[in-house]
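>>> Predicted coordinates and the sequence they were generated for:
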Amino acid sequence: MKYMIMMFGDQQSMMEMRTPEWIGEMIKFMHQLNDDLIKSGEYVLAEGLADASQAKTVDVKNGMPVVTDGPFAESKESLAGFWVVDVENETRALDIARHVVAFTQGPIEVRQFGEAPPEV
């Protein structure tokens with residue numbers, strides 16, 4: 001079963017709330033988690049994302065696609081990075097998320113990849 005494990009946050013808040021030492025330790029933690037998932041055969045993909053301040057949103061205005069600066073959500077916290085894992089069950093995906101939360105002390109969303117849409 002494939003799951004996406006998503007971290008949320010923004011660079012500005014992290015820089016204000018965390019020390020450079022903590023950020024360095026977080027980066028080491030993330031690399032170790034990736035290595036562990038690769039060794040266990042559960043790793044599919046993991047990426048950190050550029051800060052949301054660099055995001056663009058494409059939407060429809062007056063029937064035409066329009067590109068605007070910034071993320072769609074009016075929130076300080078947006079998707080900061082993610083892992084895609086292929087695990088035996090939801091329990092394992094949640095175990096990985098708990099491991100990350102124990103270090104970061106921040107929320108993680110876990111979502112299973114969708115199946116094919118129902119036949120109509």
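Arrived safely. Bear in mind the structure is a predicted one, so any value in this text is a computation, not a measurement.
>>> for this protein, what are the low-confidence residue spans?
By pLDDT under 70, the low-scoring segments of the chain are 71-77, 120.
>>> ranges for the helices of it?
For the chain, the helices defined by DSSP state H cover 11-17, 20-40, 90-104.
>>> okay, these in CSV with mean neighbour count and distance to Asp51 next?
All C-beta atoms are positioned from the backbone trio N, CA, C, and that covers glycine. CSV is the format used below for those (neighbours: other Cβ atoms under 10 Å; distance: least, Cβ to Cβ, whole Å):
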stretch, mean neighbour count, distance to Asp51
helix 11-17, 12, 4
helix 20-40, 13, 14
helix 90-104, 15, 17
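>>> what about Glu42, neighbour count?
19 (other Cβ atoms under 10 Å).
>>> Could you double-check that it lies in contact with Val87?
Yes: taking contacts as Cβ atoms under 8 Å, Glu42 lies within contact range of Val87: 5.2 Å.
>>> Nearest to Gly70, out of the helices of the chain?
Among those, the nearest to Gly70 by Cβ to Cβ is helix 11-17 (13.4 Å).
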